[in-house]
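> predicted model and sequence below, questions to follow.
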2 protein chains.
Amino acid sequence: MGFPDILSIISSDLEEVENELEANIKSPVPLVYEISKHLLGSGGKRLRPAVLLLSSGACGRLEGRERIYSAAALELIHTATLLHDDVVDDAKLRRGKPSSNIVWGNKATVLVGDFMLAKALGLIQSCGDLELIKAVTDAAAKLAEGQVLEVMNANNMLEVTQEVCFGIIENKTASLLESCGTVGAILAGVEDGLKRSVGQYGFNIGIAFQLTDDALDYSSTEEEFGKGVGQDLIEGKMTLPLFYSIQEASSSERSKINDILVSEEVFTEDDLSFVRDVVERYKGVQKTNDMAENYIDKAKKAISLLPDTPYKSSLDSLAEYIVDRRG
Amino acid sequence: MGFPDILSIISSDLEEVENELEANIKSPVPLVYEISKHLLGSGGKRLRPAVLLLSSGACGRLEGRERIYSAAALELIHTATLLHDDVVDDAKLRRGKPSSNIVWGNKATVLVGDFMLAKALGLIQSCGDLELIKAVTDAAAKLAEGQVLEVMNANNMLEVTQEVCFGIIENKTASLLESCGTVGAILAGVEDGLKRSVGQYGFNIGIAFQLTDDALDYSSTEEEFGKGVGQDLIEGKMTLPLFYSIQEASSSERSKINDILVSEEVFTEDDLSFVRDVVERYKGVQKTNDMAENYIDKAKKAISLLPDTPYKSSLDSLAEYIVDRRG
């Protein structure tokens, strides 16, 4: 099933989320609106609002502005971290367009990210539910920790363990998607065990999503992916496709990769294709995708006790879409 | 009265705020703690916690962890914006020490700022009061808008109006101090009119604080000020000492300043001392300080109806200290 079909059941809610996003990025300072609009209007998938709205629906809550406010808030938090990420990574492209740091510079980009975070927390506060606020602020703190962990380990690729790779993924991507599930369940007023289960759904699809992203970075084309491929390597970030491949590589391949990674020089085209060849030879992309499939199974299992509704089916389809996507 | 004397009445509360700050910057990621500690441990004045605790006391609330949590949260928000400011301004020094962006780079600095914001909002949420959360998130959004407004108008000094100068000050500095007063009053459970008055106290000392800072940037020495002097000019920021002086300057002085400001070149020592001489000649620093005095009067007036208590006296003394300080 394609992404639009999965979301058709919440399409009118998603439209309201768009209106809410638009209302929140309006600012008396024109540049704030312009930068916010550039990224928010560039065709993001609205995965976080979708998980929240479907989770809420699957738990039996289909009405109420709080769903819209919190869905918009989580998309704003996500968008704010993309803005900060692009500054941190010196990114050039985001969703196929020049990234904000390139168009408007690092300064305004950092600050508009802060503005979005503040707006997001205003929206979350307007839901009037302290448990919900806690779920979101806890996730936001983990997210920031995950990003620092990634920066700390960048350019130190050979020391990175599988545990660190997963720690980064869990904090950086999975925790916010976990909170989307949890918030949906909180809004539906279900009991705590079910809140945790729906949170686990979000957490596991979050890991699968990031693993798929890391695999695409070694296997996609720029056109499909909407950003440069091979970026993780260029930015000195160890991800699982390379990690798995290095474990299997011959000692001479490993030593050459070692030389490439510790070199202070900018990677040459030859370096990049050597690394990509090793990743292909030892099936690093395939192993990462297999791992992503495992997490999708975990996600689906987490919500298996929910009653059968179109919302639950859409959550299942969404989980499958995440590992099948091409960009 | 010196700053320590003003604060003696809340010294045990301020110690608890320090403990709470320390507990919140602890992170499993060592770099997060290190960067946070570097700035938080560098002798900030804890002006925001002080305003909050004194306001709460002046409104009759002297006990309760919520005062400590919210005071720590507002200091964390302030500290996070300093981290982001230093990245935005390419700062070299902060409180007499190399700034975080210089020691650890822009990337980690931006992200640790985000971490602090998230922690702050977790603390605010733990106070369990939605009105309080709203006061803080509204202030955080204004703060970010004020910073973008400043960046937008940087390097465009000749176009900046007095209105824009004040707009930046109100959003960037006054709104957060306003929320400190408001939160103190909310915690004391006083009626809305009094909340607004205590908020106005914070707002007006905030403007006075920033005006004094802007004056010190033209009149202090680096040793006293703890950061480079003349920085506003170097960063292309129009502030009131120069704004007022330009209004009075002769047409030849104005035309020379014009040439200096529009030049794409880095300012020379001669340029800087020419501008500083004009500011001295036309008493730009004195006029800015006089303006700051006006705002201090407004601040004291705003709380004149509060009952006479040692807390109210300390708020009055704090207002006076703000314009009398030398760094």
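The structure has been received and is ready for your questions. This structure is a prediction, so every number in the text was calculated from the model and none was measured.
> need the nearest residue in space to residue A:10, chain neighbours excluded.
Distances taken as CB to CB, 6 or more residues apart in numbering or on different chains place residue A:53 nearest to residue A:10, at 4.5 Å, with adjacent residues excluded. Where C-beta positions appear, they are placed from N, C-alpha and C, glycine not excepted.
> mind checking which helix or strand of chain A has the lowest mean pLDDT?
One helix or strand of chain A scores below all others by mean pLDDT, DSSP states H and E: helix A:222-225, with a mean of 62.
> tell me which stretches of chain A form strands.
A:93-94, A:97-98 (DSSP state E).
> could you tell me the least trusted of those strands?
For the strands of chain A, the weakest mean pLDDT is recorded on strand A:93-94, namely a mean of 78.
> okay, now the sheet partners of it, with direction.
Strand A:93-94 pairs in its sheet with strand A:97-98 (antiparallel), by DSSP bridges.
> can you give the contact residues for the strand it pairs with?
By CB atoms under 8 Å, 6 or more residues apart in numbering or on different chains, the residues outside strand A:97-98 that reach it are A:38, A:42, A:92.
> wait, residue A:244 sits on residue A:290?
No - in this structure, residue A:244 is not within contact of residue A:290 by CB atoms under 8 Å, at 9.8 Å.
> neighbour count: these two, which is higher?
Using other CB atoms under 10 Å in any protein chain shown as the criterion, residue A:244 and residue A:290 rank with residue A:244 on top: 22 against 14.
> ok, now how distant is that one from chain B?
According to CB to the nearest CB, to the nearest Å, residue A:244 and chain B sit 24 Å apart.
> try residue A:208
Counting by CB to the nearest CB, the gap from residue A:208 to chain B is 24 Å.
> residue contacts, that residue?
Contacts of residue A:208 (CB under 8 Å, 6+ apart): A:292-293, A:295-296, A:299, A:319, A:322-323.
> quick check: end-to-end length of stretch A:123-139?
Stretch A:123-139 has an end-to-end distance of 16 Å (CA to CA, to the nearest Å).
> in stretch A:9-18, what's buried?
A:9-10, A:13-14, A:16-18 (16 or more other CB atoms under 10 Å in any protein chain shown).
> so which of the residues you listed are in helices?
With DSSP state H as the criterion, helices contain A:13-14, A:16-18 from among the buried residues of stretch A:9-18.
> and those residues, which is closest to chain B?
The shortest approach to chain B among these belongs to residue A:17, at 19.2 Å (CB to the nearest CB).
> the closest one contacts residue A:68, correct?
Yes - at 5.7 Å, residue A:17 counts as touching residue A:68 under the criterion of CB under 8 Å.
> what residues does the stretch 151-300 of chain A put near chain B?
A:151-152 (CB under 8 Å from any CB of the partner chain).
> what about 10 Å?
A:151-154, A:167, A:171 (CB under 10 Å from any CB of the partner chain).
> quick check: the farthest pair among those residues?
A:154 and A:171 (14.9 Å; CB to CB).
> these two: which is more packed in?
residue A:171 (23 against 18).
> not counting sequence-adjacent ones, nearest residue to the more buried one?
residue A:146 (2.6 Å).
> what sits against residue A:14?
Shown in contact with residue A:14 (CB atoms under 10 Å, 6 or more residues apart in numbering or on different chains): A:7-8, A:46, A:49-50, A:53, A:68, A:71.
> find the residues that touch each one of residue A:17 and residue A:68.
A:49, A:52-53.
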